[in-house]
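Asks: curious how this folds, go ahead:
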Amino acid sequence: MKLLKKIFFKYFVYYPIVLLRGEWIWSPLRLFEKSQNFNREEISNIQISKLNHILKKSQNSIYYAQLNLPKKVESLDEIKKFPFLSKETLRNKSQMLETGKSGRHTTKTSGGSTGAPVTVKKSATAMGYELAAAWRGYSWAGIDIGDLQARFWGVPLNPSMAKKAKLIDLVTRRIRFSAFKFSKPELDLYLEKLNSVQPDYFYGYTSMLNEISINYLQSERKFDIRPKAIISTSEVLTESMRDNIEKAFNCKVFNEYGCGEVGTIAHECSHGKLHINAENVLIEIIDEEGIPLPENSIGEIVVTDLNNDFMPLIRYQIKDFGSISYEPCNCGVKLPILKDIKGRAYDFIENENHEKFHGEYFLYIVEELKSKGVIIEGIQFIKSKGKINILIASEQSAYDKSTTYIRDKLRHGFSKKIEFYFSKVENIPREASGKIRVIKSEDQL
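Replies: Predicted coordinates for the structure are as follows:
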């Protein structure tokens, strides 16, 4: 029965939906199964060809036309002469990046790990390549389209967006467990549900997977939850977290790295290496001066989306840090390896009822503000005993509107007792790593 359900969802639900949306994944998936074994020169040739297509299309955008970028390059080294694209530019001039291309596309909003979400429009074809790369990465974990997923993720606060999320969950055959608000009794209910449905794999925020694993290990009740793999994403996976998760559910954790604007960038193989989806993205590592660094040097990650000709992202600074290696991997995959990733460490905030709220909960409120036309440049929640200090970087009018809205939302959904104090700031201070943490404790200042 389980196999029949998988086949039904794969061939009679998922495939027809992506076909209707123009996000067909079959062709790129077949290509990726071969290209993962290509040598470095063969991958570079794919990247040059795709980069030239993006450069040609970018001439149709107001932003890139002003930069006078070449329409064609002969080698990847030539991209080093191009200017960088910052999150601030993307957020404030997104329409100027559009190429005016007609056709189906998807609007994507990043998780806003810097506290200021950005929106990208991505062509249906590019989405197909993004999905195909993800499914290839999941195949390294033994996961296939149609497998039942337990998803530890956010739940949109907006009713219409929540309905859309439920529909997507149905099509992709996943059961969503909220990472926004939970307490120990709710975690126990999560375990009961997992024990009942026996999902094929887990997927979700690293910190949330760690929380459910700790609760599982400490539970007095006997459960027998045995997924075949667990995929962690969105946050740094520490060794202690990996140990907790793998010990609890007796299966391997496969890490995933990406960003909302671009999609998945790298997936972990069976030998613990994060292989870059080099057919979809060109990754550079730069120093503080913007100079590209050699292999195995830690610096800022810069990404070029090689598929999205609807809104080109060329040398986009995602504000994470890491290094690239071309060392051989025992898994047999020849794609380059992303290492030493630093950034994206979210915390939880606990209210007076000992309910824990994931950092993404607060960012969804910021996203709702944006949909109402209230734009803020950044936000940070600093927690301490009995209060939360909220730093907002914005213009005065947006600050006034956002404080009222955020306070009302937090009073209604988070806490009626904790005090909220707002401060208008010029910018949100960065960590030593260069990352901005949305959630901080007072003792971390």
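Asks: who's residue 281 bridged to?
Replies: residue 305 (DSSP bridges).
Asks: next, count neighbours for it.
Replies: Neighbours of residue 281 under the rule other C-beta atoms under 10 Å: 25. Glycine gets a C-beta too; all of them are placed from N, C-alpha and C.
Asks: for it, give me the pLDDT.
Replies: Residue 281 carries a pLDDT score of 98 in this model.
Asks: likewise for residue 365?
Replies: pLDDT, residue 365: 88.
Asks: test my guess that it contacts residue 409.
Replies: Yes: counting by C-beta atoms under 8 Å, residue 365 touches residue 409, with 5.0 Å between them.
Asks: overlap in contacts, the two.
Replies: Common contacts of residue 365 and residue 409, defined by C-beta atoms under 8 Å, 6 or more residues apart in numbering, comprise residue 157.
Asks: what about residue 142, distance to residue 166?
Replies: 27 Å (C-beta to C-beta, to the nearest Å).
Asks: please name the nearest non-neighbouring residue to the most centrally placed residue in the chain.
Replies: With distances taken as C-alpha atoms, centre = their mean, residue 259 lies nearest the centre of the chain, 3.9 Å away. Nearest residue to residue 259 in three dimensions, chain neighbours excluded: residue 318, at 5.0 Å (C-beta to C-beta, 6 or more residues apart in numbering).
Asks: what is the host helix or strand of that neighbour packed up against?
Replies: According to DSSP states H and E, residue 318 maps onto strand 316-325. Packing partners of strand 316-325 (3 or more C-beta pairs under 8 Å, 6 or more residues apart in numbering; DSSP states H and E): helix 87-92, strand 281-286, strand 299-305, strand 337-342.
Asks: can you list the weak-confidence ranges in the stretch 201-350 of the chain?
Replies: Where the stretch 201-350 of the chain drops to pLDDT under 70, the residues are 343-347.
Asks: for it, which segments count as helices?
Replies: Counting by DSSP state H, counting those that start in this stretch, the stretch 201-350 of the chain has helices at residues 206-218, 239-249.
Asks: any idea how far the longest one is from the chain center?
Replies: Put plainly, it is helix 206-218. On the basis of C-alpha atoms, centre = their mean, to the nearest Å, helix 206-218 sits 20 Å off its chain's mean C-alpha point.
Asks: any buried residues in that helix, and which?
Replies: 206-216 (16 or more other C-beta atoms under 10 Å).
Asks: likewise for the last one?
Replies: For helix 239-249, a neighbour-count test (16+ other C-beta under 10 Å) marks 241-242, 244-245, 248-249 as buried.
Asks: any residues touching it, and which ones?
Replies: Helix 239-249 is contacted from outside by 202, 206-207, 209-210, 212-214, 216-217, 225-227, 230, 232, 252-253, using C-beta under 8 Å, 6+ apart.
Asks: the same query, at a cut-off of 7 Å, please.
Replies: Here helix 239-249 makes contact (C-beta atoms under 7 Å, 6 or more residues apart in numbering) with 206, 209-210, 213-214, 216-217, 225-227, 230, 252-253.
Asks: closest one of those residues to residue 192?
Replies: residue 225 (9.9 Å; C-beta to C-beta).
Asks: okay, the helices and strands packed on strand 316-325 in TSV with distance to residue 385 next?
Replies: Converted to TSV, these look like this (distance: least, C-beta to C-beta, whole Å):
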stretch	distance to residue 385
helix 87-92	33
strand 281-286	40
strand 299-305	35
strand 337-342	29
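Asks: just give the number of residues close to the residue nearest to residue 140 when sequence neighbours are not counted.
Replies: In this structure, residue 140 finds its nearest non-sequential neighbour in residue 269, 4.9 Å apart by C-beta to C-beta, 6+ apart. For residue 269, the count of nearby residues is 21 (other C-beta under 10 Å).
Asks: returning to what we had before: nearest to residue 118 among the contacts of helix 239-249?
Replies: Residue 118 has its nearest neighbour among the contacts of helix 239-249 in residue 206, at 21.9 Å by C-beta to C-beta.
Asks: residues contacting the residue nearest to residue 358 when sequence neighbours are not counted?
Replies: Distances taken as C-beta to C-beta, 6+ apart put residue 179 closest to residue 358, at 4.3 Å, once the chain neighbours are dropped. Residues near residue 179 by C-beta under 7 Å, 6+ apart: 152-154, 204-205, 208, 358, 360.
Asks: out of the contacts of helix 239-249, which one sits closest to residue 193?
Replies: Among the contacts of helix 239-249, and counting by C-beta to C-beta, the member closest to residue 193 is residue 225, at 9.8 Å.
Asks: the closest one contacts residue 197, correct?
Replies: No: between residue 225 and residue 197 there is no contact under C-beta atoms under 7 Å: 9.5 Å.
Asks: okay, those two: which has more neighbours?
Replies: In this view residue 225 and residue 197 are compared by other C-beta under 10 Å, and residue 225 has more residues nearby, 21 against 12.
Asks: what's the domain layout of the protein?
Replies: Annotated domains of the chain cover 2-342, 355-444 [automatic domain parsing].
Asks: what's the end-to-end length of the first one?
Replies: If I follow you right, that is domain 2-342. Domain 2-342 has its terminal residues 39 Å apart, counting by C-alpha to C-alpha, to the nearest Å.
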